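Student: Below are the sequence and a predicted model for it; my questions follow.
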Amino acid sequence: MPSNIAGQEWSVNSIIWYSGEVGNGRVSAARQRGTNRHRLTAKGRATRERIVAAASRLMLDRGVGRTTIADVQAAANVSASQLYHYFADKDALVYAVVTLQADGVLAAQARSLAGLDSFAALEAWRDELVELQRRRGSGAGCPIGTLAGELSETDERARSELAESFARWEELLRRGITAMRDRGELRADVDPDQLALALLVAVQGGLLLSQTRRDSAPLTVAVDMAIAHLRTLRPAGSAG
């Protein structure tokens, strides 16, 4: 499976994990229809995207609670009336940040995991995760994990969206593990649901500890251990 790292845009401070288009504040048309109260012009879409991108950088750098509407106005170079034209209140803006980050991370993971059907592909995915963490200086965790840690107990709408995002990521892993089982890389009796969840837990736990320790080693060890366990589930007589 080819690496996507060279084609992606990274920002250590703002914890942007994905391609420039989503990272600049763009979400799908369906998402925008679900959050906007009116039809937007091209200029309006650009302004909204700029506001969401600025809010995303600030909220992931400082935390949601420490980011004010005034901070976002200054960072996006918009007036209060412009900001409130697109977002009724801070909660609405926070939700837009959550959907931006979720869509971006999951789009990147969908590309990375699209060809997962072998241990070689699984190792390539692992290498991407570790290289990304190293390039970011190991000082930042997963964007959706970071938001979940702050919002899960205070914002039910955001928590639900973040939980759905983790479920989407888990499904990508489940499909890959199922493909590995179906092509004989894993035993026929393995449970793709449990293995996908275990892999996602390893990634999220590894990222959190890497963020805390400013060291990519916890992520590397966590994912390597998960893959080592998968290797014990190869059919009898399999090479490697």
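Tutor: Noted; the coordinates are in hand. Numbering: from 1, shown residues only.

Student: So for stretch 65-80, what gets flagged as buried?
Tutor: 67, 72-73, 75-76, 78 (16 or more other Cβ atoms under 10 Å). (Glycine included, C-beta is placed from N, CA and C.)

Student: any idea which of the residues you listed is the one closest to residue 121?
Tutor: Each of the buried residues of stretch 65-80 was checked against residue 121 using Cβ to Cβ; the closest is residue 67, at 38.3 Å.

Student: Backbone dihedrals for the closest one, both of them.
Tutor: With angles defined as degrees, to the nearest 10, residue 67 sits at phi -100, psi 120.

Student: doesn't residue 59 make contact with it?
Tutor: Yes: using Cβ atoms under 8 Å as the test, residue 67 is close enough to residue 59 to be in contact (4.9 Å).

Student: returning to what we had before: any chance of CSV for the buried residues of stretch 65-80, columns secondary structure, pLDDT and distance to residue 225?
Tutor: Shown next, in CSV, are these (DSSP: H, G, I helix; E, B strand; the rest coil; pLDDT from 0 to 100; distance: Cβ to Cβ, whole Å):
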residue, secondary structure, pLDDT, distance to residue 225
67, coil, 97, 36
72, helix, 98, 40
73, helix, 97, 46
75, helix, 97, 40
76, helix, 97, 42
78, coil, 97, 47
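
Student: would you list the residues you listed in JSON lines and tack on distance to residue 52?
Tutor: Below are those laid out as JSON lines (distance: Cβ to Cβ, whole Å):
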{"residue": "67", "distance to residue 52": "13"}
{"residue": "72", "distance to residue 52": "9"}
{"residue": "73", "distance to residue 52": "13"}
{"residue": "75", "distance to residue 52": "11"}
{"residue": "76", "distance to residue 52": "9"}
{"residue": "78", "distance to residue 52": "11"}
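
Student: how about those residues, which pair is most distant?
Tutor: Every pair in the buried residues of stretch 65-80 was compared (Cβ to Cβ); the two farthest apart turn out to be 67 and 78, at 14.8 Å.

Student: Give the closest residue to residue 93 in space, chain neighbours not counted.
Tutor: residue 87 (4.4 Å; Cβ to Cβ, 6 or more residues apart in numbering).

Student: Also residue 223?
Tutor: Closest residue to residue 223 in three dimensions, ignoring its sequence neighbours and counting by Cβ to Cβ, 6+ apart: residue 126, at 5.0 Å.

Student: I'd assumed residue 222 was in contact with the one you found.
Tutor: No: at 10.1 Å, residue 126 and residue 222 do not qualify as touching, with contact defined as Cβ under 8 Å.

Student: So the residue nearest to residue 76 when sequence neighbours are not counted, which state does it fall into?
Tutor: Closest residue in space to residue 76, ignoring its immediate chain neighbours: residue 54 at 3.8 Å, by Cβ to Cβ, 6+ apart. Counting by DSSP: H, G, I helix; E, B strand; the rest coil, the backbone at residue 54 sits in helix.

Student: Any figure for the gap between the spatially most central residue of the chain and residue 192?
Tutor: Most central residue of the chain, judged by C-alpha distance to the mean C-alpha position with Cα atoms, centre = their mean, is residue 105 at 3.0 Å. Computed as Cβ to Cβ, to the nearest Å, the residue 105 to residue 192 distance reads 21 Å.

Student: next one: phi and psi at residue 236?
Tutor: With angles defined as degrees, to the nearest 10, residue 236 sits at phi -60, psi 130.

Student: for the lengthiest helix in the chain, packing partners?
Tutor: In terms of residue count, the longest helix belonging to the chain (DSSP state H) is helix 156-182. Applying 3 or more Cβ pairs under 8 Å, 6 or more residues apart in numbering; DSSP states H and E, we find helix 156-182 packed against helix 90-113, helix 119-135, helix 143-151, helix 192-213.
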